[in-house]
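K.L.:
I would like the atomic coordinates for the input below:
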Amino acid sequence: MRAAEQALIEYEIAVETFRIEVENFSRLHHQRLGPVYARLDELDALIAEARAARTGSDEDRLTAARLRAEAMPMPAVEELFHGWMGAEGLWPEAAAMLTEQPVRPPERVRPSEEARALYRDLVRKAHPDLVQDEKERARRDEFISRVTTAYGRGDEAALRALATEWEAGPAPQPAFPSRSEELYARLEWLAQRKDMIAAAAHELEESAIGSMLRLAPDDPDRLIEEVAEQLLAQVAEKEHELLRWTSKETQPDGDTGTGTAPDAGTGTGTEQAGPATDPADPADAAGSNGSAGSGDDSAPDGGRVG
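P.N.:
Coordinates of the predicted model:
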């Protein structure tokens, strides 16, 4: 029984540690990369709209309308309140500004090694499942809740204070079952709880953020920087592509009904600055096939990192 309890506690510690890391990484991921993803969606919509305006294709118009709808989704609570309020109330940053308090900087992605060691030690000592007395379980539940909150913030000072508080408190008095029936029932409960924790662990590991975090468990900040660099490179490419589409709209179009690119030959005798067709230019690719959709090699979501 004691071996099963200790094994379950160690498993809970591992899952809870990973959950906190996933939550902190998710927040940093949203803060750092959210605007870049939004810019990529906006560029996809602008490119599709410019292509549809050039070719007049019904298929291109539908694609442009779909991408525009994706770039402007139904606003969430955070968007409706312009980042001041979320589903759980005022954001800490908003509350600090309203009360003229200094705004707290973003939380660390991972608690320090000292915070991790303090957290593990406290959970091993004060875990509620080590006792059966309801009052003692309630006291430990409240204490572990404060320990988890401090660990989620990476607050080493608070964890040290909690460790001192626990040592000064009443000594734990574990009550072990005395009858075999109670032992079997206890073991069955432990097995059921382990299955529940295993399901939660699987959900965390298979989530998008959890999968990213597992790629660089020791240095998630570096992973964020690498992803940001790749996304910014995609933004630059799409901005260049958008410029190619929109810059030609101001030039005379020799054949407005065929989908021919504006810089194709018009029969006016005026020599264009560039070649009549350029396979690398999305406008020329559209004109050579008579349909913008067939020459487009820029999938709206293709190559998206993360």
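K.L.:
Quick check: which helices or strands does the longest helix anywhere in the chain pack against?
P.N.:
Counting by DSSP state H, the longest helix found in the chain is helix 2-55. Under the contact criterion of 3 or more C-beta pairs under 8 Å, 6 or more residues apart in numbering; DSSP states H and E, helix 2-55 touches helix 58-71, helix 113-126, helix 134-153, helix 180-206, helix 208-215, helix 220-247, helix 282-289. To be clear about C-beta, it is placed using only N, CA and C from the backbone, and glycine gets the same treatment.
K.L.:
and these, which is most packed in?
P.N.:
Mean neighbour count (mean count of other C-beta atoms under 10 Å) peaks for helix 282-289 among these, with a mean of 21.
K.L.:
quick one: average confidence on it?
P.N.:
Averaged across helix 282-289, the pLDDT comes to 42.
K.L.:
quick one: low-confidence parts of this protein?
P.N.:
For the chain, the stretches with pLDDT under 70 are 73-109, 170-178, 248-306.
K.L.:
Including distance to Met1, could the helices and strands packed on helix 2-55 go into JSON lines?
P.N.:
As requested, the helices and strands packed on helix 2-55 are exported to JSON lines (distance: least, C-beta to C-beta, whole Å):
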{"stretch": "helix 58-71", "distance to Met1": "54"}
{"stretch": "helix 113-126", "distance to Met1": "17"}
{"stretch": "helix 134-153", "distance to Met1": "17"}
{"stretch": "helix 180-206", "distance to Met1": "6"}
{"stretch": "helix 208-215", "distance to Met1": "32"}
{"stretch": "helix 220-247", "distance to Met1": "38"}
{"stretch": "helix 282-289", "distance to Met1": "69"}
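K.L.:
Tell me which of the ones you listed lies nearest to Ala38.
P.N.:
Set against Ala38 and scored by C-beta to C-beta, those come closest in helix 58-71, at 7.7 Å.
K.L.:
Pull out the CA atoms of that closest one and give them to me as PDB.
P.N.:
Taking Å, rounded to 0.1, in the frame of the first residue of the first chain, the C-alpha atoms of helix 58-71 are listed here in PDB:
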ATOM      1  CA  ASP A  58     -15.000  33.100 -59.200                       C
ATOM      2  CA  GLU A  59     -12.800  30.500 -57.600                       C
ATOM      3  CA  ASP A  60     -10.300  33.200 -56.500                       C
ATOM      4  CA  ARG A  61     -13.100  35.300 -55.100                       C
ATOM      5  CA  LEU A  62     -14.400  32.400 -53.000                       C
ATOM      6  CA  THR A  63     -10.800  31.700 -51.800                       C
ATOM      7  CA  ALA A  64     -10.300  35.300 -50.900                       C
ATOM      8  CA  ALA A  65     -13.600  35.400 -49.000                       C
ATOM      9  CA  ARG A  66     -12.700  32.300 -47.000                       C
ATOM     10  CA  LEU A  67      -9.300  33.500 -46.100                       C
ATOM     11  CA  ARG A  68     -10.700  36.900 -45.000                       C
ATOM     12  CA  ALA A  69     -13.200  35.200 -42.800                       C
ATOM     13  CA  GLU A  70     -10.400  33.100 -41.200                       C
ATOM     14  CA  ALA A  71      -8.300  36.200 -40.700                       C
END
